[in-house]
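# mind looking at a prediction? Sequence and model below.
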Amino acid sequence: MTIHGKSQVTTWTGEAEPHRRSFAEIGNRATRLAGALREQLGVQQSEAVATLMWNNAEHVEAYFAIPSMGAVLHTLNLRLPPEQLVFIVNHAADRVVLVNGTLLPLLAPLLPHLPTVEHVVVSGIGDRSALDGLNVQVHEYEELLAGSSDSFDWPELDERQAAAMCYTSGTTGDPKGVVFSHRSVYLHSMQVNMAESMGLTDRDTTLVVVPQFHVNAWGLPHATFMTGINMLMPDRFLQPAPLAEMIEREKPTHAAAVPTIWQGLLAEVTANPRDLTSMKQVTIGGSACPPALMEAYDKLGVRVCHAWGMTETSPLGTMAHPPAGLSAEEEWPYRITQGRFPAGVEARLVGPNGDLLPWDGESAGELEVRGNWIASSYYGGAAGEPFRPEDKFSADGWLKTGDVGVISADGFLTLTDRAKDVIKSGGEWISSVDLENALMAHPEVAEAAVVAVPDDKWGERPLATVVLKEGATVNYTGLRDFLARTVAKWQLPERWTFIEAVPKTSVGKFDKKVIRKQYADGALDVTKLD
Ligand code: AMP
């Protein structure tokens, strides 16, 4: 904040001018925030302090104030269903919640169910009346900062102390808390800044679309402050049109987001052309990036780098930079993999019988990883001990990722599926991701999700749910014929349905359990081809 004091966090406001704040100002305000939290709200060391916020400068201030004072930054995913948010806040026993005013309609109805919450600190615009009559002390963020000193007696912290905490989206069972230590955040940030990962400097501006509540925005807020990378924060303006506008106007050199965001942006700039070419590199991860999407961005002059990770891996696990010295054509097979492991991530593949598989690009097994920024247990809650469910952690410290794939001899990972999404058809496995990627390469397909459905003869067969682009004329047989060009005949889906949109999880990934349930409930209009 001193060395890179002039770098900036720019927050989109939806008005003529965005809001700009220098790293030096952020540092000063984070100091005041830490003072206010300790002196006025009584926040203690190791206490979890929650944020329910968009990506903006105030959220960045919380990112530095809370861990540096020895407390634990607990980012809340504002897209989770209310009952999961209630579970998470109660599990962590959050006493203080920092919230953007625009999110009060979301927080206020939950507060009667959150007995541990005593203080709500509100920043930015938004009607405060939603909090009237509720049993909490309400503070204005700016007033707290104004009444606080600009020096703070920062404690000497143990590097293994908790700095931040994030709950997984909990597709099965209750959400699970993952705790990040100061040490792991620091080491992870160094890796993010390596040239073989995102490799940005103070000459760059990164558009941080991935939410700060989604695994610490993939580590970007920490990595940026390490090397002075400017940040462009979209706040609540995450729709394709404002994103396209902010890219054209602010000219970020990098951006990070899940494929869904990039699909939406692509549709937007196809209809209303915008110049995106300031972005030298964009990082796409969080779910498999369809090769067709990468190709489309290549054509727009924007190079995509595919990345894999999970909440439990901080999240950086792999990034798909091809080896040096290859032509564009030779690079392509590397670029569409999930990528290569950095030195800090140890990896192995485990076969169905528990045997270790070779890195030969062919043997498929479950990926297990371990390393300095990889979790080895889940948070046990304010009152509990950390716990290690056997299906996630092996006795010798490996994280079982639940992802199935192959690794090439030179360490490139290709995921074929989530273990639970693989289609087990007559003793053979069909990759739902391969079918989706093949379908999304069709020029009239906007999105496609494939799930396993029960089948009397084969055990399971694929069901293709497809979202067509506007004006498309292709039918099910046409799509199946298109697939048959690249997919083995026995893998071709018989069951097809056109849908309005693929259901998404709270962080924008395909929510296949919703599709499976819709199918089981008979809620989908499915056609079965011969
Ligand atoms: P989360 O912890 O919610 O971010 O989810 C992590 C999971 O997302 C991983 O275990 C993968 O199943 C999936 N995932 C993340 N990145 C990718 C990717 N590039 N390709 C395929 N799946 C991915």
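Perfect, thanks for sending it. Numbers count the residues shown, from 1 in each chain.
# enumerate every residue touching the residue sitting nearest the centre point of the chain.
Here the mean C-alpha position of the chain is nearest to the C-alpha of residue 214 (CA atoms, centre = their mean), at a distance of 4.5 Å. Contacts were defined as CB atoms under 8 Å, 6 or more residues apart in numbering; by that measure residue 214 touches 77, 166, 286, 507. C-betas here are computed from N, CA, C, even on glycine.
# and the ligand, which of the residues you listed reach it?
Intersecting the contacts of residue 214 with the surroundings of the ligand, defined as CB under 6 Å from any ligand atom, gives 286, 507.
# how about the strands in the stretch 251-400 of the chain?
Secondary structure of the stretch 251-400 of the chain (DSSP state E, counting those that start in this stretch): strands located at 254-257, 281-284, 303-309, 316-319, 339-340, 345-350, 365-371, 399-407.
# now those in CSV, with mean pLDDT, distance to the ligand and mean neighbour count?
Formatted as CSV, the strands of the stretch 251-400 of the chain follow (pLDDT from 0 to 100; distance: least, CB to the nearest ligand atom, whole Å; neighbours: other CB atoms under 10 Å):
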stretch, mean pLDDT, distance to the ligand, mean neighbour count
strand 254-257, 98, 12, 25
strand 281-284, 97, 7, 23
strand 303-309, 98, 4, 22
strand 316-319, 98, 8, 28
strand 339-340, 98, 8, 24
strand 345-350, 97, 13, 18
strand 365-371, 96, 8, 22
strand 399-407, 96, 5, 21
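# TSV for those, including distance to residue 210?
Converted to TSV, the strands of the stretch 251-400 of the chain look like this (distance: least, CB to CB, whole Å):
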stretch	distance to residue 210
strand 254-257	5
strand 281-284	8
strand 303-309	10
strand 316-319	12
strand 339-340	16
strand 345-350	19
strand 365-371	20
strand 399-407	19
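# got a quick PyMOL command for the buried subset of the contacts of residue 214?
Typed into PyMOL, the next command selects the buried ones out of these (criterion: 16 or more other CB atoms under 10 Å):
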select buried, resi 77+166+286+507
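# from the contacts of residue 214, pick the one nearest the ligand.
residue 286 (4.9 Å; CB to the nearest ligand atom).
# am I right that the closest one is in contact with residue 505?
No. Residue 286 is beyond contact range of residue 505, at 9.7 Å (criterion: CB atoms under 8 Å).
# low pLDDT regions in this structure?
Within the chain, the set of residues satisfying pLDDT under 70 comprises 169-172.
# quick one: name the residues of the protein near the ligand.
Applying the criterion CB under 6 Å from any ligand atom, the portion of the chain that neighbours the ligand consists of 168-169, 215, 285-288, 306-311, 315, 338, 401-403, 415, 418, 507.
# give me phi/psi at residue 194?
With angles defined as degrees, to the nearest 10, residue 194 shows backbone torsions of phi -70, psi 150.
# quick check, the residue in the stretch 151-300 of the chain closest to the ligand?
residue 288 (3.7 Å).
# grab the nearest non-local neighbour of that residue.
For residue 288, ignoring the flanking residues on the chain, the nearest one in space by CB to CB, 6 or more residues apart in numbering is residue 433 at 4.9 Å.
# what's the neighbour count on residue 194?
15 (other CB atoms under 10 Å).
# is it correct that it is in contact with residue 344?
No. Counting by CB under 8 Å, residue 194 does not reach residue 344; the two are 9.5 Å apart.
# okay, now residue 53: neighbour count?
27.
# I meant to write residue 133 there.
As a burial measure, residue 133 scores 7 neighbours (other CB under 10 Å).
# all strands of the stretch 101-250 of the chain, in order?
119-123, 137-140, 162-167, 177-181, 205-208, 230-233.
# strand partners of the first one, parallel vs antiparallel please.
So that's strand 119-123. strand 96-100 (parallel), strand 137-140 (parallel) (DSSP bridges).
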